[in-house]
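Novice: sequence below, structure please.
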Amino acid sequence: MTTPNLFKFATSELSQDAFICWLLSWADQDYQTGNDKHRALNRLATSVLALFFKKAGNSLPSRIDKIVVKRQVNNIDVLCIINDTYCVLIEDKVGSLQHSDQLIRYKQFMLNGHAQTFTEDKIIPIYLQTHDQSNYKAVLKDGFYPVTRRDLLDLFNSEQNAALQESDIYSDYLNHLQSIEEAVQSFKSKPVNEWKKRA
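Specialist: As a prediction, this is how the structure comes out:
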């Protein structure tokens, strides 16, 4: 039996912002020694951060002693500061595109406008797109690194997914992403007259 999925109703970018903030908050070192749920979510959150750092050509610190996660700082969707040293800057998209030089402005703000400024090599600028976008040339030109729905699904599916049994929130989000991917890929198995907009 299919159960109700939170993200079927929480479809906005703000809802995804909240999920990303919630997940990254689990990367704190303290959750490595908690119960099974805490440890599973800590591993998952750390893996997501490692993916972001890898996309930017950097390595995640071996220990995360302090993580501060905020939403909508100077219109930045998600701001994640690790060990007071690295700034993960996430522009989150659920189908819309970058506009109005927003990526350049957000990066500039972290270089010299935020209360705590960061050097270029300590900023991990991520453009998270969980729907579909034809190309990322403008994103790359503005100095951001694309992370796609497929990137997240590959990561989530490569994990042991102990978190899946432990967290309804994570389980719902994973199922939501999988349903989008299945709808997009349905053109491979369905006749043209059965294609929906994602196909």
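
Novice: over to the nearest residue in space to K93 that is not next to it in sequence: give its phi and psi.
Specialist: Nearest non-adjacent residue to K93, counting by Cβ to Cβ, 6 or more residues apart in numbering: Q129, 4.5 Å away. Bear in mind the C-beta positions are built from the backbone N, C-alpha and C, glycine included. According to degrees, to the nearest 10, the main-chain angles of Q129 amount to phi -120, psi 110.

Novice: separation between Q129 and T117?
Specialist: To T117, Q129 is 27 Å away according to Cβ to Cβ, to the nearest Å.

Novice: these two: who's more crowded?
Specialist: Higher neighbour count among Q129 and T117: Q129, with 21 against 13, using other Cβ atoms under 10 Å.

Novice: beta partners for the more buried one?
Specialist: Judged by DSSP bridges, the bridge partners of Q129 are K93, T148.

Novice: what sits against it?
Specialist: Neighbour list for Q129: 93, 136, 146-149 [criterion: Cβ atoms under 8 Å, 6 or more residues apart in numbering].

Novice: ok, D101 next?
Specialist: Counted by Cβ under 8 Å, 6+ apart, D101 has contacts D142.

Novice: tell me the phi and psi of it?
Specialist: Per-residue torsions, D101: phi 50, psi 30 (degrees, to the nearest 10).

Novice: ok, now Y170?
Specialist: Y170 adopts backbone torsions of phi -60, psi -40, taken as degrees, to the nearest 10.

Novice: buried sites along stretch 108-116?
Specialist: The neighbour-count criterion (16 or more other Cβ atoms under 10 Å) identifies 109-110 as the buried residues of stretch 108-116.

Novice: run the chain-centre distance for it.
Specialist: The chain centroid and the centroid of stretch 108-116 are separated by 22 Å under Cα atoms, centre = their mean, to the nearest Å.
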